[in-house]
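Enquirer: Whatever this is, show me its structure:
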Amino acid sequence: MDFIDELLSKTDIVELIREYVPLEEKGGYWACCPFHNENTASFRVYENTQTYYCFGACQKGGNALTFVKEIENIDYADAIKLLAKKTGLEAELEASRKNFSGTRRDSVSSEKKDRLLALMRFAAKHYHENLYSPQGAKFKKYLTERGIQDSIIKRFGIGASFDSSSLIAAAEKQGFTKEELQDCNVAQTNEKGIYDPFYDRLIIPIINQFGQVCAFGGRTLIKDPDFAKYRNSTNTAIFEKNKTVFAINLLQKLKKSQTKIDYAILCEGYMDVIALQSHGFNTAVASMGTALTLNQAKQIKNFTTKVFISFDGDTAGQKNALAGLDVLAAAGLNVRVVQMPKGLDPDDVVKQYGAEGYQKLLDNAITLPEFKIKSLLQNYDLADLEQKAKFTAAAVAVIKRLENTIEQEEYFKRLSKLTGYDLQVLRRQADKAEDLPLDSIARLDKTVKEKVAAVKDKNQSAKDFILASIAADKDYVDYREDFSEVFTDDFSLQIANYFVANKNKNTQNIASLYTYLNENEQQQLDYLLNKYPFKEGDTATKYGDCIVLLKKDILQKRNQELLDEYKQTKNPHLLDKMQELTDTIQSLKNKNK
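Expert: Model (predicted):
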């Protein structure tokens, strides 16, 4: 048994998935799918095969590794590490690294990532210790004046960088190279040489959901137009902005302490998060200065289903809030928008009005459609009949997109009151209104459905049935069969040959198979495993008929190739070969009757 098989055998997928979503036992284990928004449970966990599958819109499936990879938004190697930690196989993992590091799923080896993470941990410690040295007095004073106490400084690991060279010198003494420093973006080069790009700044470590320092943010204390106020890490092998949520590690700690997370507060920047947490709002997190992504929304959903989006009160902040709303809603989150006073951000609000003032803003937060309609209203003058009509049409399109008809009715009533248009007029407009563009989840659903719908023709169905029979280890499968006479594509042969090579099968084989397939192949296998319920009528006869059908098709194609060659060459030997194939095809036809 190799390490991956051992890892999967030590993992109970039911208990693993139960950590993320509540499972209901009804003739199996079921839940609402954690990968797309739904109200009826269509996500099934199979205890006997240690796999899962969504029968709903997204149709995602796999084993424990693919689940962790997907739910945590991490790569294959990190999923292995996480499961190894959960199952107590960390030592075995270290010993078997060569079995999976550097595979096609890892563009950077696990060993290198570990080196870079160790370097970032050292850099964070170096910066943090600077803050408590005599030179760190000005940075410590700045934090104290902002009401950021020691407990918060330690919670976030805040530090300081004094100059352009001390971190580099300290890291090299620890055995880290200049190349590694540059790979982590804690060193850059210019005409003068190598330097720390975060020098003379307050340092905020960016920590991922595993508690690993993966990047830094730096804020200067000086007012100099030529010296950027904020400096942030660029993407590296261990950090991707659009896949990272600032302070997600603190939500992880709350979850582990069994503290119920009623909601998260999503801010634009890390200083807003630090300010809010300083005033008791311990579930504040932030995107990394980029447009909110579905990946980030999914990470937040691992901890709570309700999110307050609390972006700045300026025009840019409100536009970002509007864009973020759709992404959060697409991930299945219940979204509210905090209406910030114009020109203020969360940091400003708690400084001026305290925790009570910010709590009032949370209490008065509005829903997604309310915010959209309110945002639309700012662009139209309702005193102008033409503009009022355009606003109403746009607002109706927003309301039409709501799935709940009762909720639609409530918003139509509000819109009627606001515009003076009769409810029947608004409903007629809704019937005419074009649907808004599909959001990212809907596009994904459509893509997956199209892939599944494409598999229709008779030969394809036969191939699918054979592969599903093999993967389900049905008794009627003859593993002595030469599957190269049945399948012509690499994927089918890969599945068949895997099971031929593993004749002593056990319940882990299907789960293990997933680790050898890429994402597209995993989707194909998901489809196969769930296409057929294998009723009593699915017998050896049906399997044999499918084998014959595919063999006959392959031979007919070969015969056509020979005929085409004969037309060009007039080689008489080809006629003999064609006759042999024709006889074989006829015998298969007779067998298939």
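
Enquirer: Where is the longest helix in the protein?
Expert: helix 540-569 (DSSP state H).

Enquirer: helices or strands up against that helix?
Expert: helix 458-471, helix 572-592 (3 or more Cβ pairs under 8 Å, 6 or more residues apart in numbering; DSSP states H and E). (Glycine included, C-beta is placed from N, CA and C.)

Enquirer: Just name the most buried of those helices.
Expert: Greatest average neighbour count among the helices and strands packed on helix 540-569 goes to helix 458-471 (a mean of 19), per mean count of other Cβ atoms under 10 Å.

Enquirer: quick check: mean pLDDT across that one?
Expert: What helix 458-471 shows for mean pLDDT is 78.

Enquirer: After that helix, which helix or strand is next?
Expert: Counting by DSSP states H and E, the next helix or strand C-terminal to helix 458-471 is helix 490-501.

Enquirer: can you list the domain ranges for this structure.
Expert: Annotated domains of the chain cover 3-99, 110-239, 248-371, 455-593 [automatic domain parsing].

Enquirer: Flag the shaky bits of the stretch 101-250 of the chain, pLDDT-wise.
Expert: Per-residue confidence for the stretch 101-250 of the chain (pLDDT under 70) gives these ranges: 101-108, 225-226.

Enquirer: any chance you could map the strands in it?
Expert: Applying DSSP state E, counting those that start in this stretch to the stretch 101-250 of the chain gives strands spanning 159-161, 188-190, 193-195, 201-207, 213-219, 230-232.

Enquirer: right, so of the ones you listed, which gets closest to Phe303?
Expert: strand 201-207 (15.0 Å; Cβ to Cβ).

Enquirer: So what are the sheet partners of the closest one and their directions?
Expert: Next to strand 201-207 in the sheet, as set by DSSP bridges, lie strand 159-161 (antiparallel), strand 213-219 (antiparallel).

Enquirer: And for the longest one, what's in contact with it?
Expert: Right, strand 213-219. Residues from elsewhere that reach strand 213-219 (Cβ atoms under 8 Å, 6 or more residues apart in numbering): 117, 120-121, 123-124, 127, 157, 161, 185-186, 197-198, 201-208, 229-233, 236, 238-239, 244, 246, 270-271.

Enquirer: and those, which are buried?
Expert: If you count burial by 16 or more other Cβ atoms under 10 Å, the buried members of the contacts of strand 213-219 come out as 117, 120-121, 123-124, 127, 157, 161, 185-186, 197-198, 201-208, 231-233, 236, 238-239, 244, 246, 270-271.

Enquirer: which residues does Ile206 form a beta bridge with?
Expert: Note on Ile206: beta-bridge partners Ala215, judged by DSSP bridges.

Enquirer: Tell me the strands beside the helix or strand Arg44 falls within, with direction?
Expert: Assigned by DSSP H and E, Arg44 belongs to strand 43-46. Looking at strand 43-46 with DSSP bridges, its partner strands are strand 29-31 (antiparallel), strand 51-54 (antiparallel).

Enquirer: List the contacts of Lys178.
Expert: By Cβ under 8 Å, 6+ apart, Lys178 lies in contact with 168, 172, 187, 194.

Enquirer: Going by neighbour count, which of those are buried?
Expert: For the contacts of Lys178, buried by 16+ other Cβ under 10 Å: 168, 187.

Enquirer: Just give me the closest of the contacts of Lys178 to Asp576.
Expert: Of all those, Ala187 has the smallest distance to Asp576: 72.4 Å, by Cβ to Cβ.

Enquirer: Check whether that closest one really touches Phe198, as I assumed.
Expert: No - using Cβ atoms under 8 Å, Ala187 is not in contact with Phe198, being 9.8 Å away.

Enquirer: lowest average confidence, helix or strand, in the protein?
Expert: One helix or strand of the chain scores below all others by mean pLDDT, DSSP states H and E: helix 440-453, with a mean of 40.

Enquirer: Next, Lys400: phi, psi?
Expert: phi -60, psi -30 (degrees, to the nearest 10).

Enquirer: Can you get me a residue count around the residue lying closest to it once chain neighbours are set aside?
Expert: Of all residues not flanking Lys400 in the chain, Ala430 sits nearest, at 4.8 Å (Cβ to Cβ, 6 or more residues apart in numbering). Neighbourhood size, Ala430 [other Cβ atoms under 10 Å]: 15.

Enquirer: any idea how far Ala430 lies from Leu325?
Expert: Separation of Ala430 from Leu325 (Cβ to Cβ, to the nearest Å): 21 Å.

Enquirer: want to throw the strands paired with strand 201-207 into TSV with distance to Ala329?
Expert: Below are the strands paired with strand 201-207 laid out as TSV (distance: least, Cβ to Cβ, whole Å):
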stretch	distance to Ala329
strand 159-161	37
strand 213-219	28
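
Enquirer: Buried deepest among these, which one?
Expert: Stretch with highest mean neighbour count among the strands paired with strand 201-207: strand 159-161 (a mean of 26; mean count of other Cβ under 10 Å).

Enquirer: Go ahead and name everything in contact with that strand.
Expert: Strand 159-161 has contacts (Cβ under 8 Å, 6+ apart) with 124, 126-131, 135-136, 139, 167, 196, 198-203, 205, 218.

Enquirer: one step back: to Gln277, which of the strands paired with strand 201-207 lies closest?
Expert: Comparing the strands paired with strand 201-207 by Cβ to Cβ, strand 213-219 comes nearest, at 15.2 Å.

Enquirer: and that closest one, how far out from the chain's middle?
Expert: Here strand 213-219 is found 22 Å from its chain centre; the criterion is Cα atoms, centre = their mean, to the nearest Å.

Enquirer: Stretch 121-130 now?
Expert: Here stretch 121-130 shows a centroid-to-chain-centroid distance of 30 Å under the convention Cα atoms, centre = their mean.

Enquirer: Check stretch 136-154 too.
Expert: Here the centre of stretch 136-154 is set off from its chain's centre by 35 Å, with Cα atoms, centre = their mean.

Enquirer: quick one: buried residues of it?
Expert: Under the neighbour-count criterion of 16+ other Cβ under 10 Å, stretch 136-154 has 136, 139-140, 143, 146, 148, 152-153 buried.

Enquirer: before we move on, what about stretch 274-294?
Expert: 274-279, 281-288, 292-294.

Enquirer: Which members of the residues you listed occur in helices, if any?
Expert: Counting by DSSP H, those contribute 274-278, 294 to helices.

Enquirer: Isn't Ile265 up against Phe281?
Expert: Yes - judged on Cβ under 8 Å, Ile265 makes contact with Phe281 at a distance of 5.9 Å.

Enquirer: got the contact list for Ile17?
Expert: Listed by Cβ under 8 Å, 6+ apart, the contact set of Ile17 reads 23, 29, 31, 45, 52, 67.

Enquirer: now, among those, which is nearest to Phe465?
Expert: Distance to Phe465 across the contacts of Ile17 (Cβ to Cβ) is lowest for Tyr52, with 22.3 Å.

Enquirer: Which residues are in contact with the closest one?
Expert: Applying Cβ under 8 Å, 6+ apart, we find Tyr52 in contact with 13, 17, 43-46, 61-63, 67.
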